[in-house]
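Undergrad: Here's my sequence, what's the structure:
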Amino acid sequence: MNNLGNLAFQHGEYQRALELFEESLAIGRELQEPGHLALAFTNLGFTTLLLGDIERARSLLREGLIAAREIGLASGFIYGFVGLGAAYARDDPARAARLIGRADILCEETASRLEPVEGRVRDDTEAELRATLGEDAYVASYAEGRRLEIEDALALALRPD
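TA: Next up, the predicted model:
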């Protein structure tokens, strides 16, 4: 279900992806497997983000980070930080810039690359943050995020609104 959801998601079929990711999450809950749950929550979070349900996206992405933390899943951290960065871009842009910075350093440390849709979300979020915060404030917040220890970044991401 997760792989089929990813295929639909990468092709811009967000409503179909949502249905498949919800099925994947139900399976993950039944299995209680943290890796599966991390992926299911994160994928569902990104999908709801792109469908415009920011509050639900935040909740799902946080759940994905909690599951990823349980097993130390770096890719779960990367996607969770990028997704939450996008979800906070308007309400808390400095926090969003820090999360994007931490995601970027994790990508560098693990030689990871974002999938195309998530990469566009990251790039669009960065452009929005640069415009909102101004270049100097964006660069400062982004650099601060790159210096955060993983547990500090998780605390920032999981902090209630």
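Undergrad: Does residue 47 touch residue 10 like I think?
TA: No: checked against CB atoms under 8 Å, the pair residue 47 and residue 10 is beyond contact range at 11.1 Å. Just so you know, the C-beta spots here come from the backbone N, C-alpha and C atoms, and that holds for glycine as well.
Undergrad: Just the residues contacting the helix or strand encompassing residue 67, thanks.
TA: If you go by DSSP states H and E, residue 67 is part of helix 54-71. With contact meaning CB atoms under 8 Å, 6 or more residues apart in numbering, helix 54-71 is reached by 34-35, 37-42, 44-46, 48-49, 73, 75-77, 79-81, 83-84, 87-88, 154, 157-158, 161.
Undergrad: Report the inter-axis angle for the helix or strand that it is followed by versus helix 54-71.
TA: Going down the chain from helix 54-71, the next helix or strand is helix 74-88, by DSSP H and E. If you take axes from the mean of the first three to the mean of the last three CA atoms, to 10 degrees, helix 74-88 sits at 160 degrees to helix 54-71.
Undergrad: Show me what helix 74-88 is packed up against.
TA: Where contact means 3 or more CB pairs under 8 Å, 6 or more residues apart in numbering; DSSP states H and E, helix 74-88 is packed against helix 34-50, helix 54-71, helix 93-110, helix 116-133, helix 150-158.
Undergrad: Just put those in TSV and tack on mean neighbour count and distance to residue 1.
TA: Listed next are the helices and strands packed on helix 74-88 as TSV, based on neighbours: other CB atoms under 10 Å; distance: least, CB to CB, whole Å:
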stretch	mean neighbour count	distance to residue 1
helix 34-50	25	8
helix 54-71	20	16
helix 93-110	22	25
helix 116-133	17	18
helix 150-158	17	26
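Undergrad: Residue 17 is nearest to which of those?
TA: helix 34-50 (5.0 Å; CB to CB).
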